[in-house]
Every structure is written in C-alpha cells, then in structure tokens.
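Provided below are the primary sequence and the corresponding predicted coordinates.
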Amino acid sequence: MTRANRRRQLLDLAWTVVREDGADALTLGRLADVAGVTKPVVYDHFSTRAGLVVAMFEEYDVEQSAALDAAVAEVGDGGVVDTARAIAVSYVDCVLRHGRELAGVAAALEGSTELADYKRRADQAYADQCRRILAQHTRTGDVPGPAMVGMLGAADAVSAAAAEGTFTVEEAYDEVSAVIVSVVERS
C-alpha cells in the first residue's frame with residue numbers, strides 16, 4: 001500500500017473508532033490493532049495521539065472550507081438570503097457527514113494548550129472565510145467579531161442537535177440561515 005493510501009486508511013479507521021467507541025478510545029496502539037498493522041506503522045504517520053487528532057480535524061477543516069467555497073460559488077451573486085442558505089447548508093451537511101464523532105475529535109483538541117491553540121486558529125480561519133463572504137452584504141462592509149462568534153456558535157449547536165436527531169436537517173438549515181441573515185442585517 002502506498003504511504004498516501006495507508007494514511008487515508010488510518011484516518012478512515014480513526015474516524016470509525018471515534019464513531020463506535022468515542023474519542024477516548026482512540027490511541028495509536030488501538031488504531032494499529034484495528035488497521036491490522038504494527039504500532040511503528042501508525043507512529044510513522046502520526047508520531048503522537050495529538051498528531052492524529054490534529055490530522056483528523058485538519059481533514060474536517062479542509063472539507064468544511066471547500067464545501068463553503070463550493071456552496072457560495074453555486075449561488076454566485078445571490079443576495080444575503082441565498083448566501084446565508086448556502087453557508088448554512090454547507091456547514092450543517094459537513095457536520096452531519098462526520099456525525100457525533102466530530103464532537104469527540106473537537107473535544108480531544110481541547111486536551112492541551114497546543115491542541116486548543118490549533119483548534120482556535122482553525123476556527124478563526126473558517127470565521128474569516130465566512131466574514132469575507134458575508135461582508136459584501138453588510139452596510140459597513142464587515143461583520144463584527146462577536147457577531148461571527150455568535151453565528152458560528154449557533155451553527156455548531158444547531159448542527160450538533162440535528163446530528164443527534166433532535167430536529168430535522170431542514171430545520172437546521174432554516175435556523176442557521178436565519179441566524180446568518182440576522183447577523184448580516186445588524187452589521
């Protein structure tokens with residue numbers, strides 16, 4: 001198996017371990033067992049558990065950013081409602097694709113200062129991406145930082161609730177869209 005294919009396999013299996021047994025069950029040794037390889041093979045790809053967790057979140061982060069770009073490109077020069085809906089759908093769908101295991105990986109990132117700093121930087125990069133997209137729809141040409149934090153916090157909570165089945169995906173789209181429109185209208 002090529003190095004890239006092995007890494008892909010290990011990341012896929014890591015997501016499976018977290019989905020089935022929770023983030024606390026994810027260790028490099030456990031991943032080696034599940035993959036049917038020796039520990040040195042896993043350590044060659046991810047020298048620490050923290051490195052593995054960061055790689056998992058990076059994968060999610062890249063997917064989320066690409067989904068946002070694609071969704072916004074699809075609506076083109078649409079108004080704020082269409083743009084908000086595109087952002088909401090891309091956000092909710094990305095969370096749903098990763099299900100409850102995403103929360104475990106995100107929580108694992110809070111396990112150390114280094115990991116928490118990484119997650120904050122990744123979250124800020126996504127917030128900046130959204131901010132640039134939404135700025136064109138505001139009166140001021142910008143969305144205040146606290147509004148972005150509130151908007152993305154709401155998107156996280158609503159998406160997580162939809163992933164747990166608390167309400168429908170369509171309800172999640174509608175609520176996240178409404179929050180985004182509200183933030184833009186107040187800016």
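Great, that's in hand. Numbering: from 1, shown residues only.

drop to CA atoms for contacts and neighbour counts, all remaining ones
Will do.

nearest spatial neighbour of residue 52, chain-adjacent residues omitted?
residue 46 (5.3 Å; CA to CA, 6 or more residues apart in numbering).

so the one you found is in contact with residue 56, correct?
No - under the criterion of CA atoms under 8 Å, residue 46 makes no contact with residue 56, lying 10.6 Å away.

what is the burial count for residue 94?
The local packing of residue 94 (other CA atoms under 10 Å) involves 20 other residues.

confidence score at it?
Here, the pLDDT recorded for residue 94 equals 90.

quick one: list the elements packing against the helix or strand containing it.
Residue 94 is part of helix 80-109, with elements assigned from DSSP states H and E. In terms of contacts (3 or more CA pairs under 8 Å, 6 or more residues apart in numbering; DSSP states H and E), helix 80-109 is packed against helix 3-21, helix 49-75, helix 113-135, helix 145-163, helix 169-186.

report the angle between the second one and helix 80-109.
This means helix 49-75. Interaxial angle, helix 49-75 versus helix 80-109 (axes from the mean of the first three to the mean of the last three CA atoms, to 10 degrees): 170 degrees.

what's the angle from the helix holding residue 94 to helix 169-186?
With the same axes, to 10 degrees defining the directions, helix 80-109 sits at 110 degrees from helix 169-186.

next, the buried residues of helix 80-109.
By 16 or more other CA atoms under 10 Å, the buried positions in helix 80-109 come out as 80, 82-96, 99-109.

do you know how far the closest residue to residue 161 other than its chain neighbours is from residue 94?
Leaving aside its sequence neighbours, residue 161 sits nearest to residue 167 (CA to CA, 6+ apart; 6.8 Å). Distance, residue 167 to residue 94, by CA to CA, to the nearest Å: 17 Å.

residue 32 now?
With CA to CA as the criterion, residue 32 and residue 94 are 27 Å apart.

can you check residue 40 too?
Counting by CA to CA, the gap from residue 40 to residue 94 is 32 Å.

before we move on, what about residue 80?
Plainly put, residue 80 is 21 Å away from residue 94 if you go by CA to CA.

repeat for residue 16
Residue 16 is 16 Å from residue 94, where distance means CA to CA.
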